[in-house]
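Engineer: Prediction below, plus the sequence it came from.
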Amino acid sequence: MELSDIIRRAWCDPVFKQHLLDNPRGILEEMLGIVLPAELKIYVHEQTLTEVHLVLPTAPGQSGEEQ
């Protein structure tokens, strides 16, 4: 299973999509078969026709830790 499979399922299954929005860690761990680090925060945002989310990745050479 890949992230693209999870996205496709969320498009087709409104109940699954709501579970993903409510509990992304649990869904990702279950569907991908992995355990995510406890300190890792996961956010799922739904893009719409009138709302776009831009994610800025961590700059090269930075640890990504909040200061």
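Structural biologist: Received, thanks.
Engineer: And L32, how far from L49?
Structural biologist: Computed as Cβ to Cβ, to the nearest Å, the L32 to L49 distance reads 29 Å. Using the backbone N, CA and C atoms, a C-beta is placed for each residue, glycine as well.
Engineer: These two: which has the busier surroundings?
Structural biologist: L32 (14 against 5; other Cβ atoms under 10 Å).
Engineer: what's the more buried one in contact with, if anything?
Structural biologist: Each residue near L32 by Cβ atoms under 8 Å, 6 or more residues apart in numbering is listed here: 1, 3, 6.
Engineer: Can you select the buried ones from those residues in ChimeraX?
Structural biologist: Buried residues within the contacts of L32, by 16 or more other Cβ atoms under 10 Å, are selected in ChimeraX with:
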select :6
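Engineer: List just the nearest of the contacts of L32 to P60.
Structural biologist: L3 (22.8 Å; Cβ to Cβ).
Engineer: Leaving out sequence neighbours, find the closest residue to the residue positioned nearest the centre of the chain.
Structural biologist: Centroid-nearest residue in the chain: V44, 4.4 Å away (criterion: Cα atoms, centre = their mean). The shortest distance from V44 to any non-neighbouring residue, by Cβ to Cβ, 6 or more residues apart in numbering, is to P24 (4.5 Å).
Engineer: returning to what we had before: a markdown table please, covering the contacts of L32 and showing distance to T58 and secondary structure.
Structural biologist: Formatted as a markdown table, these follow (distance: Cβ to Cβ, whole Å; DSSP: H, G, I helix; E, B strand; the rest coil):
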| residue | distance to T58 | secondary structure |
| --- | --- | --- |
| M1 | 26 | coil |
| L3 | 19 | helix |
| I6 | 23 | helix |
